[in-house]
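Enquirer: 3D, please:
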Amino acid sequence: MKKLILSALVLSFSALGAQAQIAAGTTLLGGNAGYSSQTQKSEFANSPSSDPDNKYHQYELAPTVGYFIADNLAVGVSFGLAGTQQKQKNYNGNLSYTNETKMRYLSVGPLLRYYKFVSEKAAFYGQLGAGYINNYSVQKSSTNYAGDNIARSQGYYSQLLPGFVFFPTDKFGLELTMRGFSYNHLEQKLDDKSDDKYVNNGLDFGFGLRDLRLGAFFYLGR
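Expert: Numbering: from 1, shown residues only. Predicted coordinates:
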């Protein structure tokens, strides 16, 4: 009897997944965004100021546009813009000096996404992407009279992202995406007049609760 009930449940979910789909010709439009801010105050007897000693801001914007070339299979382009700003105030006796760092990350590249429905309103998906990345950073210090320290790097990335989408309506989906697996190759030239450069190869993966990203997408024409 238990085997019969289990088989019926499996067949029911399979039937629901088979009926639900995103038809070819549907347009995918959406993305995710995020912002965080943090301040930290250090209290010392020789601190002449009551302003926060450390300020940190971070933002992230990742729009995506795609087109379903077959049922449940979409190709598209993903854009990424992220940045951080950190400002630190340090004290040496009655003297204070400030260090400030700003970083900007830009990426763009094609993607391939496939959906596997588990019910009429829920599906898992996997997304494969690759593309170009460009990073920029500037460091400023109130004690550095030689000028700002600026660094630029560029290269390419590849990534594999798992995700889950829930459809409150046929044309709108709420997504949870893992940071997943990614590989980055970056090159930074040391001098415009020479070929000397830093090369950085990075491997990154994240599949925990802290690696979840919330997004929203429209499925136009579905």
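Enquirer: Now do the buried residues in stretch 21-37.
Expert: For stretch 21-37, the neighbour count (16 or more other Cβ atoms under 10 Å) marks 21-22, 26, 28, 30-32 as buried. Yep, even glycine has a C-beta here, placed from its N, CA and C like the rest.
Enquirer: average pLDDT across the longest strand anywhere in the chain?
Expert: The residue-count maximum for a strand in the chain (DSSP state E) belongs to strand 95-117. What strand 95-117 shows for mean pLDDT is 89.
Enquirer: And for stretch 151-161?
Expert: pLDDT averaged over stretch 151-161 gives 93.
Enquirer: Give me the contact list for that stretch.
Expert: 107, 109, 126-138, 177-189, 198, 200 (Cβ atoms under 8 Å, 6 or more residues apart in numbering).
Enquirer: Tell me where the model's unsure across this structure.
Expert: 1-19, 42-53, 90-97, 142-147, 190-194 (pLDDT under 70).
Enquirer: For it, which segments are assigned as strands?
Expert: 27-40, 54-70, 73-92, 95-117, 122-141, 149-169, 172-178, 180-189, 197-206, 212-220.
Enquirer: Mind exporting the C-alpha coordinates of the longest strand of the chain to PDB?
Expert: Extracted C-alpha coordinates of strand 95-117, given in PDB (Å, rounded to 0.1, in the frame of the first residue of the first chain):
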ATOM      1  CA  LEU A  95      46.500  64.100  14.800                       C
ATOM      2  CA  SER A  96      44.000  62.300  12.500                       C
ATOM      3  CA  TYR A  97      44.300  61.100   9.000                       C
ATOM      4  CA  THR A  98      41.800  59.500   6.600                       C
ATOM      5  CA  ASN A  99      42.100  56.500   4.200                       C
ATOM      6  CA  GLU A 100      39.400  56.000   1.500                       C
ATOM      7  CA  THR A 101      39.100  53.100  -0.900                       C
ATOM      8  CA  LYS A 102      36.600  52.900  -3.800                       C
ATOM      9  CA  MET A 103      36.100  49.800  -6.000                       C
ATOM     10  CA  ARG A 104      33.900  49.200  -9.000                       C
ATOM     11  CA  TYR A 105      33.200  45.900 -10.800                       C
ATOM     12  CA  LEU A 106      31.700  45.700 -14.200                       C
ATOM     13  CA  SER A 107      30.800  42.500 -16.200                       C
ATOM     14  CA  VAL A 108      28.800  41.600 -19.300                       C
ATOM     15  CA  GLY A 109      28.400  38.300 -21.100                       C
ATOM     16  CA  PRO A 110      26.100  35.700 -22.700                       C
ATOM     17  CA  LEU A 111      24.200  33.100 -20.700                       C
ATOM     18  CA  LEU A 112      22.300  29.800 -21.200                       C
ATOM     19  CA  ARG A 113      19.500  28.900 -18.700                       C
ATOM     20  CA  TYR A 114      17.500  25.700 -18.500                       C
ATOM     21  CA  TYR A 115      14.400  25.200 -16.300                       C
ATOM     22  CA  LYS A 116      13.100  21.900 -14.800                       C
ATOM     23  CA  PHE A 117       9.600  22.300 -13.400                       C
END
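Enquirer: If anything else comes up later, I'll come back, but that's it for now.
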